[in-house]
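# Need coordinates for the following:
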Amino acid sequence: MALTPRLDLRQSQQLVMTPQLQQAIKLLQMSNLDLATYVEQELEKNPLLERDDAIPGDDDYKASDDTSDFEGDGDTGPLEEISISDDAPLSAAENAAIDTDYDNIYTSDATLDNPSDAIGADAANTGFLAASTGGSSSFSGTDVNLENTLSDDISLRDHLAAQLNLLGLSPADKLIASYLIDLVSDTGYLVGDLEEAAESLGCTEERLNSVLDTLRGLEPTGVFAKDLADCLALQLKEKNRYDPAIAALLQNLHLLAEGNLKELLGVCGVDQEDLAEMIAEIKELDPKPGLQFGSEIAQTLVPDIFVHRRPDGGWQVELNSETLPKVLVNNRYYSVINTKSRRKEEKEYLSECLNSANWLVKSLEQRAQTILKVASALVEEQEMFFTQGIEFLRPLNLKTIAEAISMHESTVSRVTSNKYLATSRGVFELKYFFTSAINATSGGDSHSAASVRHKLKQLVNDEAPNRVLSDDKIVELMKLQGIDIARRTVAKYRDAMNIPSSVERRRLKKQLIAS
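Model prediction:
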C-alpha cells in the first residue's frame with residue numbers, strides 16, 4: 001500500500017483554559033488570606049483598579065455590591081439563584097466556564113532543575129547572612145525610628161548558615177553543608193535520603209557523611225540528628241554523660257514510653273535508683289532543639305461564613321464582609337488616559353487593564369455567590385448538627401451538594417478548601433461536614449464517621465479504672481447503639497485519635513492508681 005498525502009477535515013469540541021478562566025478557578029479555592037494577598041498584587045499591577053474606599057459615592061467607579069447582605073435560608077426549600085445588580089453581569093457562558101471539571105491549573109511557578117544551582121544560591125546567600133548579622137547601622141539625630149530597628153527572629157537555617165564560615169570548610173564541602181542545612185526540619189532533625197543527596201551533589205557518601213559529622217557539632221546541640229535517640233545522644237555526649245547504660249536506655253525508648261520499667265531495668269543493667277536518675281536526666285534534654293529559633297507566625301483563623309439562628313427558628317447564612325476584598329474599576333481615569341493616548345501600544349495596554357479589572361470584579365462576585373450557595377446547602381443538609389450536636393452529623397459527599405446547587409463536584413471541592421464556617425458550636429472547615437457513612441445495624445439511616453469517632457471517644461473516656469474496653473467490646477457496644485462497625489475500623493479510628501490500645505490504657509490506669 002503506497003503512502004500518499006491526504007487532507008482531512010475533522011470537527012471536535014474542546015474547552016480552552018483562558019487566563020481569565022484560570023484566574024476565576026484559582027479565586028474559588030483561595031483562602032481569605034491568599035485572596036487578600038492576590039488582590040493587593042493586582043492593585044499594584046493594574047492602574048485602573050482601586051479600593052472601594054478610594055472615592056466613596058463616585059459614579060465613575062464600578063464595584064461589586066456588598067456581599068455581606070447575602071443570606072441563605074437553610075430550611076425553606078430549594079436554594080434560589082442569587083443575583084447581583086451590575087452594569088455588566090456575568091453571562092451564562094461565563095458562569096458555565098467557571099464551573100468546569102479542571103483539577104490541574106498550570107502556573108508560571110518553576111523550580112530549579114539542577115540541585116547544584118540551589119546549593120550555589122544558598123551558598124551565595126550565606127555570605128550575605130553572615131555579613132548582615134555582624135554589621136552595624138548608624139542613625140542620625142532625630143531621624144531614629146525604633147520600629148525600623150526591629151528585626152524578625154532568626155530562623156534555624158539562618159543560624160546554621162551563619163556558622164558555616166567558622167568551620168573552615170573547603171568551597172566544595174561548604175556547598176555540601178548548605179545542601180544539608182536545607183534538609184533540616186524546623187525541629188532540627190535531618191530529613192531526606194543521604195544516598196539520594198550524595199547522588200544529586202555528585203559526591204561520595206563518605207564525603208557527605210564527613211561533612212555531616214562536622215555539622216552535628218553546631219549549635220544548638222542535637223541538630224542534624226536522624227531520630228529522637230540520636231538527638232538525645234548528641235546532647236548527652238556534649239555533657240560527657242553518654243555511657244553504655246544510658247545508650248541502652250536510648251535504644252529502648254519505646255519501653256520508657258510504655259512505662260515498662262521492669263524490662264528496662266534488665267536491658268540497662270542498673271538498679272531502680274540509677275534508672276530513675278537516667279530518666280530524670282533525659283527529661284532535662286531538648287527533644288526538638290530547632291524550635292529554639294523563629295518560625296512562621298501562626299495566622300489567626302478568620303471565618304468566611306457566619307451561621308446564626310433566626311428568631312423564627314430558621315438559619316441565617318451570611319458572608320464575612322471583612323474577608324471579602326472590595327475593588328473598583330476607575331472608569332474616569334480610563335476615559336482620561338484613553339483620550340490622551342496616541343500610540344497603538346498604549347491603547348492596547350489600557351484595554352487589557354480594563355478587561356482584567358472588570359473580570360477580577362466579576363470573578364470576586366462569582367466567588368462570593370458560589371461560597372454562599374455551598375454554605376447554605378451545607379446548613380440545610382446538616383441542620384441536625386447545628387441544633388443537636390456532632391452525634392447527629394449526617395454522612396455527606398460532594399455530589400449531594402453539587403446536585404443541590406446545580407454545579408460540578410470539582411467546583412464544590414474548590415469552594416470547600418480553606419474556607420471556614422463560624423457557628424455557635426465553634427469554627428469548622430467546610431470540608432469537616434463531608435464524612436463517610438457507617439451502616440446501621442437495623443438498616444436505618446447511616447451514621448457519619450465523625451459521629452462514630454465521637455461516640456468511640458466517649459466510650460473510652462467513660463471507662464472504669466478496673467474495666468478497660470477492648471476493641472471487640474467497643475464493637476459490641478456500638479452495635480447496641482445501632483452502629484454496624486468492624487473491629488479494624490475501631491482500631492483505625494482509635495489510632496487516628498491517638499487513643500492507646502486497651503493493654504496500654506490498662507497499664508496507664510494502674511500506674512495512676514499506684515501513684
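# Which residue would you name as the spatial centre of the chain?
A centroid search over the chain (CA atoms, centre = their mean) returns residue 418, at 8.0 Å, as the residue closest to the centre.
# residue contacts, the residue lying closest to it once chain neighbours are set aside?
Of all residues not flanking residue 418 in the chain, residue 31 sits nearest, at 3.6 Å (CB to CB, 6 or more residues apart in numbering). Where C-beta positions appear, they are placed from N, C-alpha and C, glycine not excepted. Residue 31 sits next to 417, 418, 419 when contact means CB atoms under 8 Å, 6 or more residues apart in numbering.
# how about residue 31, phi and psi?
phi -80, psi 170 (degrees, to the nearest 10).
# got any ranges where the stretch 251-400 of the chain has weak pLDDT?
294-299 (pLDDT under 70).
# hmm, try it at 80
259, 294-300, 341, 390-392 (pLDDT under 80).
# do the same with the chain
For the chain (pLDDT under 80), the answer is 1-2, 14-24, 52-153, 259, 294-300, 341, 390-392, 435-450, 464-466, 507-515.
# Strands of that one, residue ranges please.
49-51, 61-63, 72-73, 305-309, 315-319, 327-330, 420-423, 426-429, 437-438, 447-448 (DSSP state E).
# what pairs with the last one, and is each one parallel or antiparallel?
On the basis of DSSP bridges, the sheet neighbours of strand 447-448 come out as strand 437-438 (antiparallel).
# since we're on residue 27, how many residues are nearby?
22 (other CB atoms under 10 Å).
# do residue 487 as well
Count around residue 487 with other CB under 10 Å applied: 12.
# same thing with residue 5?
4.
# Same question for residue 174.
Residues near residue 174, counting by other CB under 10 Å: 19.
# That one against residue 164, yeah?
Yes. Judged on CB atoms under 8 Å, residue 174 makes contact with residue 164 at a distance of 6.0 Å.
# that older thread, could you work out which of the strands of the chain reaches nearest to residue 25?
strand 327-330 (18.7 Å; CB to CB).
# Packed most tightly, which of the strands of the chain would that be?
Comparing the strands of the chain by mean neighbour count (mean count of other CB atoms under 10 Å), strand 447-448 comes out on top with a mean of 24.
# can the strands of the chain go into TSV with extra columns for distance to residue 474?
Formatted as TSV, these follow (distance: least, CB to CB, whole Å):
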stretch	distance to residue 474
strand 49-51	56
strand 61-63	57
strand 72-73	39
strand 305-309	33
strand 315-319	35
strand 327-330	54
strand 420-423	30
strand 426-429	26
strand 437-438	13
strand 447-448	14
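# quick one, which of the ones you listed is nearest to residue 506?
Short answer: strand 437-438, nearest of those by CB to CB, at 26.9 Å.
# Let me see the contact set for the nearest residue to residue 454 once chain neighbours are set aside.
Of all residues not flanking residue 454 in the chain, residue 390 sits nearest, at 4.9 Å (CB to CB, 6+ apart). By CB under 8 Å, 6+ apart, the residues touching residue 390 are 450, 451, 454.
# now the residues you listed: which count as buried?
Among the contacts of residue 390, those buried by neighbour count (16 or more other CB atoms under 10 Å) are 450, 451.
# Make CSV out of the contacts of residue 390 and add distance to residue 222.
Shown next, in CSV, are the contacts of residue 390 (distance: CB to CB, whole Å):
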residue, distance to residue 222
450, 39
451, 43
454, 39
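# Quick check: of the contacts of residue 390, which lies closest to residue 267?
Nearest member of the contacts of residue 390 to residue 267, counting by CB to CB, is residue 454, at 39.8 Å.
# was I right about that closest one contacting residue 391?
Yes. Under the criterion of CB under 8 Å, residue 454 makes contact with residue 391 at 6.1 Å.
# returning to what we had before: which stretch among the strands of the chain approaches residue 258 most closely?
strand 437-438 (31.0 Å).
# From residue 369, how far out is the nearest residue to residue 253 once chain neighbours are set aside?
Spatially, and ignoring its direct neighbours in sequence, residue 253 is nearest to residue 229 (5.9 Å; CB to CB, 6+ apart). Note on residue 229: its distance to residue 369, by CB to CB, to the nearest Å, is 55 Å.
# When these two are compared, which one has more neighbours?
residue 369 (19 against 15).
# State the distance from the more buried one to residue 415.
10 Å.
# Just the buried positions in stretch 194-203, please.
Buried-residue list, stretch 194-203, by 16+ other CB under 10 Å: 197, 198, 200, 201, 203.
# Could I get the buried residue list for stretch 205-221?
Buried residues in stretch 205-221 (16+ other CB under 10 Å): 208, 211, 212, 214, 215, 216, 218, 220, 221.
# what's near enough to touch the third one?
Contacts were defined as CB under 8 Å, 6+ apart; by that measure residue 212 touches 180, 190, 194, 224.
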